[in-house]
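Visitor: All I have is the shape, not the residue letters:
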C-alpha cells in the first residue's frame, strides 16, 4: 500500500449501473478548439456518449453542470472511442465510435452562447459503415504512409481485419491461425499492425502484406486460396511472451526510441520495432491497464501501470519511481492537459468512476485506535498454551499418519463376500456370450465409534468386472452406529478379468472443536471374489498350447480338499485332473502329480493360466497354514514364457497403432466434411443459383466414411480394452513366475509389480509400452547395472509412444537375464546391494527327455517335466 494517495482534481460518477471497459475512454481536443486543451470522451455499454471539459475552481470541487459538454444516447453499446483525422478533405479531428455491428464517425462542434448558460455542443454524423462481422476493437493511423489523414482498422471476433479508407471500405483479411481476438495497435514507424494471438505470441503484420494478400471474401477453403491470385498472409515477426496480453501501445517520443509496449497478465514488455525485447518487468501484482506517457530522460520512457489493488505505479523503464493509491480499480488510464495543467491522470473504472488526479506528496496517514490495556494473567496463558500444545501433539501423532489398528479407528468398513453365487443372477447389461452370467453378493458394513458427517461409500472393481451400484451416500452417523449395503458383482465385458479383487472406500468428516465442519478422512478395505464368478467346472482338456509346472516341497493335495467347489465329491481322492471353463469360452486344465510334488496348469491361451495358477497357490498356502505348516514353499524352475508374452505385447501395440490411424483418418474426413459444408453453404447463400456439381453426393459419401471410421475406431477401442486385460493377466503371471523362480521377497515383488503394472487404464497419451520400457530401463541402469557406465546413462524425461516394441522386448529379455545371473531388485543405488550370489538352475528350456512321470487323464496323456515348464502333449493312438 502506498503512503500517498492520488490527489483528486476533478471526479464524477457516470450514470447508474452502466458498464465501461478499456476502449471506452479517450482524451483529445475533439472540438478542434485550437487551445490545446483536451476533452474527455467516454462511451458506455449502455450506448451513452459523454464529452467533458473539466475546469474546477479549486482542486476537489464538485462537478459543475457546464463541465458536461455533451451527452447523447446512441442506439447500440459503445465498444471503443477514438479521435483522429477520419474525414477526407479536412485535417480536423473527428470522433470515431465503434459499435458491435457499426462504425460511426462524428464531427463535434460548439456554438458560442449568448447567455450565461455557456456554449452549446452537438455532434453530426459524417458517415457510418455497417459491419458484416461482430467487431471487437479497432486502431487507426496513416496506413501505407498517407499524409494528413487517418485510416481505421477493425478487428472482428472471428479474426478478420477490416480496413476502411475513411468513407470507403478498403479490404478485409483473416489472421492465420486465429482463435480469439487480442489487443490491436498500429505502428506508423514500421507501417505494421501488432496484436497478441491466442497462442500467447506477439505478431506483427505489414500493411503492404495485408493489402496484397488474398481477399477475405474469397477465402472459402484451401483449394480456393490456391486458385486465388493474391499472396498468402505472412507474419512479419513473432515473439512468444508466454501469457495473454491486456493491452498494446506503440509510442515514439523525441527523447526515446520507438517502442512497442505489451502489458501481460504478470509481466510488462518493451519491444523494439523488429520484435526484439528491449526490457521486461515481472510484476508482483495483477495489472488492469497502462499507458506510456512521456520520455523524461533520453533513452527512457515513463509508464503508468494500474493494478487490481487500486494502485497506480509510475515506472521509468523497469525502475519504480512512484506509487499512489486510487479510490477504485481503473480499466483505462490516460494522460491529458487541462487549463495549462499538463500531465493530469484520467482514470475510468468499470462502474463509471471518472477521475482526474495528480500526484502529490501530502500523505494521508492512518492512526490506529488505542487499545485498552489489560493486565496479563500468566496462569491463564500457561493453561491455554498447554491446551494448545496437547491439541498439536494429538494432531501430529504418528498413528494419525500411519494406518491404525481396527480397534482404534473411528470408522471401520468391512466387506463380506457370499460363499455362494446368487440364485438369481443380478448381472445387468452384460456382454458375455455365455447363457447365464453369475453374480455374487457383497455385504459392506460401515461402523462408526464417533459422530461422522457426510459419509459416502465408493465400491471399485477392475473392468471387465462391474457392480450393480458403485456409489452410496448416507446421512450423518451417530456414535456406535452402523450402515449396511448389499450389492452384486458380475462379469460385464466379454474377457477374463486380470484380478478378482475389489476395494471399498468410505470418505467422511469428523467434527472437532476447532473445526465444526469436520476434518476429512478416508477408510477403506479390500475384498476378494471367488474364482467361480468367472469360470465353471468342466472336463479336463487333453491338449493345450501353453503349460506351466509348479514345484512344491510338500506332497500333492487332493483337489477334493483344495477345490471342493469345482470337484464332484463322488470322485473322492482319485481326482487328479480338474477343468475350468471360463465364461468367455476358453478352458484351463489343472493336473496334480501323485508322487513328484508338482502341479501342472495348461491352456490354449497364456493369459488364462494366471487366475488358476494364482488360485492354486493361494489355496495351497491356506491349506498348509491351517495345518500349522510354516515351511511350505512353491518354486518354478522352468523358462519364462517370454515369446508368448511378447506376442500379447505386439497385439496390444498393434491395436494402439490402429487407434492412431483411425484418429488421423477421422480428422482428415472431418476436415473434408466441413470444407464441403462450407462450399454447399456458399452455394445456397448465393443469390444467383448455381449447380451443386455433385457436392451433395460428395457430402453424403464423406458422411458415410466418417460414420464407418467412427464405428471401426469404436470396435478397435473395444478390442484394445480386451487386449490390455489379457496383457495384464499375462503380466501378473510373468511376475509370479519370476518371483517363484528367483524366490523374491515381498519388497522385491512390489518393485516388480510397480515396474510391469504401472497403469490401471491404458490411454493413447500414456500407454503401457512406453511406461514399462522407462521403468525397466531405470532398473537396468541402477540396481541391475553391470558397470558405472550404465549408471551414468541418462533416461529420457518425456514419455512418448514408440515406433515399435523391439526396444521394450529387448529390455525385458535383458532384465530376466540380469536376474538369472544374480541381480537383485532394489530401489537403492548402492553398488554393494546390487550384486548377490547366483542362484543355480537358471533360465533354460526343459527338453522332453527330462520327463519323469506321467499322470493320466481319461482319453489323453499328460506328461510332466522334472524341471521343465514348457512341454508338449502327445495323444496315444
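Guide: Great, that's in hand. As the structure is a prediction and not an experimental result, all values here were calculated from the model.
Visitor: switch to C-alpha atoms for all contacts and neighbour counts from now on
Guide: Noted.
Visitor: Angles on the backbone of residue 238, please.
Guide: Backbone geometry at residue 238, expressed as degrees, to the nearest 10, gives phi -140, psi 140.
Visitor: Just the buried positions in stretch 661-674, please.
Guide: For stretch 661-674, the neighbour count (16 or more other Cα atoms under 10 Å) marks 662, 665-666, 669-670, 672-673 as buried.
Visitor: and these, which of them are in helices?
Guide: Per DSSP state H, helices hold the following members of these: 662, 665-666, 669-670, 672-673.
Visitor: can you point me to the longest helix in this protein?
Guide: Longest helix in the chain, counting by DSSP H: helix 695-742.
Visitor: ok, residues contacting the helix or strand following that helix?
Guide: Next helix or strand after helix 695-742 toward the C-terminus (DSSP states H and E): helix 746-756. Residues outside helix 746-756 that contact it (Cα atoms under 8 Å, 6 or more residues apart in numbering): 731-732, 735, 739, 772, 775-776, 825-827.
Visitor: what's near enough to touch residue 76?
Guide: 45-47, 99-100.
Visitor: Closest one of the residues you listed to residue 458?
Guide: residue 45 (49.9 Å; Cα to Cα).
Visitor: any idea how far residue 43 is from the closest residue to residue 68 other than its chain neighbours?
Guide: Leaving out its chain neighbours, the residue that sits closest to residue 68 by Cα to Cα, 6 or more residues apart in numbering is residue 52, at 4.6 Å. The gap separating residue 52 from residue 43 is 12 Å, by Cα to Cα, to the nearest Å.
Visitor: Which one of those two is surrounded by more residues?
Guide: Set residue 52 next to residue 43 and count neighbours by other Cα atoms under 10 Å: residue 43 wins out with 31 against 18.
Visitor: Just list the residues touching that one, thanks.
Guide: 20, 24-25, 49-50, 78-81.
Visitor: What about those residues, which are in strands?
Guide: 25, 49-50, 80-81 (DSSP state E).
Visitor: picking that back up, how about TSV for the buried residues of stretch 661-674, with pLDDT and distance to residue 696 added?
Guide: Compiled in TSV, the buried residues of stretch 661-674 are given as follows (pLDDT from 0 to 100; distance: Cα to Cα, whole Å):
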residue	pLDDT	distance to residue 696
662	91	25
665	92	21
666	92	20
669	91	15
670	91	16
672	90	13
673	90	11
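Visitor: Taking the ones in strands among the contacts of residue 43 together, which two end up most distant?
Guide: Checking the ones in strands among the contacts of residue 43 with Cα to Cα, the most distant pair is 50 and 80, at 12.8 Å.
Visitor: and those two? which has more neighbours close in?
Guide: Neighbour comparison, residue 50 and residue 80: the larger count goes to residue 80, with 26 against 18 (by other Cα under 10 Å).
Visitor: For the closest residue to that one other than its chain neighbours, give me its contacts.
Guide: Spatial nearest neighbour of residue 80, excluding adjacent residues (Cα to Cα, 6+ apart): residue 23 at 4.3 Å. Counting by Cα under 8 Å, 6+ apart, residue 23 makes contact with 79-81, 137, 332.
Visitor: contacting residues for the residue nearest to residue 46 when sequence neighbours are not counted?
Guide: Nearest non-adjacent residue to residue 46, counting by Cα to Cα, 6+ apart: residue 77, 5.2 Å away. By Cα under 8 Å, 6+ apart, the residues touching residue 77 are 44-48, 99-100.
Visitor: what separates the residue nearest the centre of the chain from residue 670, distance-wise?
Guide: Centroid check for the chain by Cα atoms, centre = their mean gives residue 765 as the closest residue, at 11.8 Å. Separation of residue 765 from residue 670 (Cα to Cα): 21 Å.
Visitor: repeat for residue 530
Guide: According to Cα to Cα, residue 530 and residue 670 sit 47 Å apart.
Visitor: Likewise for residue 103?
Guide: For residue 103 relative to residue 670 (Cα to Cα), the value is 37 Å.
Visitor: so where do the strands sit in the stretch 301-450 of the chain?
Guide: Taking DSSP state E, counting those that start in this stretch as the criterion, the stretch 301-450 of the chain contains strands spanning 302-307, 311-316, 319-325, 330-338, 341-349, 353-358, 411-421, 439-448.
Visitor: Mind splitting this protein into its structural domains?
Guide: Listed domain ranges for the chain are 6-215+232-359, 411-531, 534-621, 642-821 (source: the TED database).
Visitor: Which among these is found nearest to residue 630?
Guide: domain 534-621 (9.3 Å).
Visitor: Closest one of the contacts of residue 43 to residue 501?
Guide: Proximity of those to residue 501 (Cα to Cα) peaks at residue 20, which lies at 60.5 Å.
Visitor: Roughly how far does the closest one sit from residue 353?
Guide: Taking Cα to Cα, one finds residue 20 at 10 Å from residue 353.
Visitor: same deal with residue 443?
Guide: Note on residue 443: its distance to residue 353, by Cα to Cα, is 65 Å.
Visitor: For those two, indicate the residue with more neighbours.
Guide: residue 353 (18 against 14).
Visitor: Tell me the confidence at the more buried one?
Guide: On the pLDDT scale, residue 353 is placed at 92.
Visitor: Equivalent analysis for residue 369, please.
Guide: Confidence at residue 369, expressed as pLDDT, is 64.
Visitor: For stretch 86-102, measure first residue to last.
Guide: End-to-end for stretch 86-102, by Cα to Cα: 15 Å.
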